[in-house]
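> Need the 3D shape of this:
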Amino acid sequence: MAFKSISAQLNIFSQCRKYGVPIQQCPQFIFLVMGIVIIATMLAIYLIGLNCIGSSEIVALIVLTVTMILLILSFIVEQSFERLAEASRMKSEFINIVSHQLRSPLINLKWAVEFLTTETANNISKKQTEYFTILEENCARMNELINDLLTVSRLEQKKITQEKQGISLYDLLNNIISKVKPFAIASNIEIKLKADKNLPKIFIDHSYLNTIMENFIDNAIRYSPVHLADKEHQGLIEIKLEQKQKNIYFEVKDNGIGIPEQDQKYIFQKFFRSRNASQYQKQGTGFGLYITKSIVEKSGGKIGFVSEQGKGTTFWLTLPINPV
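Here you go, the predicted model:
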């Protein structure tokens, strides 16, 4: 049993899977790299020492002393990384467990509200209807938050899987636009779609692709200035869809509030929301773009943006046509 335990500790790839981190962030890999550096340093000091000092005993003592110091430092660094990796793993597991535990009572609450609004609709006053509407909206927000937490947890633990199927991005985009169009019209925002004809299908999980497209378009609508009575300053969202070599290129451009330059490097980090976005829209978790970037890169694509505060933002991504 002891041999198996030691063997498991030495297996770098199994340790990386355990902590859910890439190999370059794995504590055991870092320790291995530092060990190689220490050996190289020992040889270099020994060879230089022989040429400069001449006495092999003194050189050996110097090499031994430096090696001990480096070994102690490398052990401290490796232990620190291991504690951080373990804390990250426990955090992800905690989020996963809590999210699952929250989902059941939330579903029960949602069903109870739906039952009350349908079974007793004739006996409900206008004020009570308003309260039930508030409950339904908050249930939907909580459910969205729980789903985002679960997705983030699975992404961090490398447990997210995709059921790939051939999907027409053009058809999917038209469906999403038709859903959000009433919201856009109410906000005095026009949506334009420019797409190449006969685009090939891409192979990706339908639910994840739908999440990506909805995140981009929803953000473009939410962070566009609303001028209901000012037709000259109408919000505009331009969506572009085209084939570029072996990839499908997707772009969403808006004339909204934009992203401050000092916030742009953090925009794909989880929990982060730019300062002007937080002022403009109070609701938001900061998960959307982190999830989007993770799924796009896991699918073999690329993602980026160009933005100027007060003038708008253009988000773009590429997805491979052939399955990855």
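> CA atoms for contacts and neighbours, from now on please.
OK.
> show me where the stretch 151-300 of the chain has helices.
Applying DSSP state H, counting those that start in this stretch to the stretch 151-300 of the chain gives helices spanning 169-186, 206-222, 275-280, 288-298.
> Tell me where the stretch 51-200 of the chain is predicted with low confidence.
By pLDDT under 70, the low-scoring segments of the stretch 51-200 of the chain are 54, 81, 84-101, 118-123, 156-162.
> Switch the helices of the stretch 151-300 of the chain over to TSV; also include distance to K126 and mean neighbour count.
Converted to TSV, the helices of the stretch 151-300 of the chain look like this (distance: least, Cα to Cα, whole Å; neighbours: other Cα atoms under 10 Å):
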stretch	distance to K126	mean neighbour count
helix 169-186	24	15
helix 206-222	29	19
helix 275-280	30	14
helix 288-298	35	19
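> any idea how this protein splits into domains?
Under the assignment automatic domain parsing, the domains of the chain span 1-160, 164-320.
> among these, which is the most enclosed?
domain 164-320 (a mean of 17; mean count of other Cα atoms under 10 Å).
> now the end-to-end length of that one.
Chord length of domain 164-320, first to last residue, is 12 Å (Cα to Cα, to the nearest Å).
> Now do the strands in this protein.
164-167, 189-195, 202-205, 235-244, 247-254, 302-308, 312-320 (DSSP state E).
> what's the closest of those strands to L109?
Among these, the nearest to L109 by Cα to Cα is strand 202-205 (30.0 Å).
> Does anything pack onto that closest one? Which helices or strands?
Counting contacts by 3 or more Cα pairs under 8 Å, 6 or more residues apart in numbering; DSSP states H and E, strand 202-205 packs against strand 164-167, strand 312-320.
> quick one on the thing from earlier: would you format the strands of the chain as TSV with distance to G35 included?
Below are the strands of the chain laid out as TSV (distance: least, Cα to Cα, whole Å):
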stretch	distance to G35
strand 164-167	42
strand 189-195	54
strand 202-205	41
strand 235-244	45
strand 247-254	42
strand 302-308	35
strand 312-320	40
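> Dihedrals phi and psi, P200?
The phi and psi values for P200, taken as degrees, to the nearest 10, are phi -70, psi 160.
> Once you drop chain neighbours, what's closest to I321?
I202 (4.5 Å; Cα to Cα, 6 or more residues apart in numbering).
> For that neighbour, list the residues it contacts.
Applying Cα atoms under 8 Å, 6 or more residues apart in numbering, we find I202 in contact with Q165, G166, I167, S168, L169, I248, L319, P320, I321, N322, P323.
> Isn't I212 up against T292?
Yes. Counting by Cα atoms under 8 Å, I212 touches T292, with 5.3 Å between them.
> mind checking how far T211 is from I62?
60 Å.
> And for K179?
72 Å.
> got JSON lines for the helices and strands packed on strand 202-205, with distance to T129 too?
Formatted as JSON lines, those follow (distance: least, Cα to Cα, whole Å):
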{"stretch": "strand 164-167", "distance to T129": "40"}
{"stretch": "strand 312-320", "distance to T129": "38"}
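> Looking at those, which is nearest to A186?
strand 312-320 (19.7 Å).
> Take the contacts of I202 and write them to a markdown table, including distance to I39.
As requested, the contacts of I202 are exported to a markdown table (distance: Cα to Cα, whole Å):
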| residue | distance to I39 |
| --- | --- |
| Q165 | 50 |
| G166 | 52 |
| I167 | 53 |
| S168 | 55 |
| L169 | 54 |
| I248 | 48 |
| L319 | 44 |
| P320 | 43 |
| I321 | 47 |
| N322 | 45 |
| P323 | 43 |
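> Just give the nearest non-adjacent residue to G304, would you?
Here the residue nearest G304, using Cα to Cα, 6+ apart, is W316, at 5.5 Å.
> And the pLDDT for the one you found?
pLDDT for W316: 93.
> And for T313?
pLDDT, T313: 90.
> Touching, it and E261? I think so.
No. T313 lies out of contact with E261 (Cα under 8 Å); the separation is 11.6 Å.
> Could you check how far the spatially most central residue of the chain is from Q264?
Among the residues of the chain, the one closest to the centroid is Y290, at 2.4 Å (Cα atoms, centre = their mean). Between Y290 and Q264 the computed distance is 13 Å (Cα to Cα).
> And for Y223?
Taken as Cα to Cα, the span from Y223 to Q264 is 15 Å.
> Could you do K253 as well?
Here K253 is placed at a distance of 16 Å from Q264 (Cα to Cα).
> How about V180, nearest residue that isn't a chain neighbour?
In space, and not counting its chain neighbours, V180 is closest to D218: 7.8 Å by Cα to Cα, 6+ apart.
> All good on my end, thank you.
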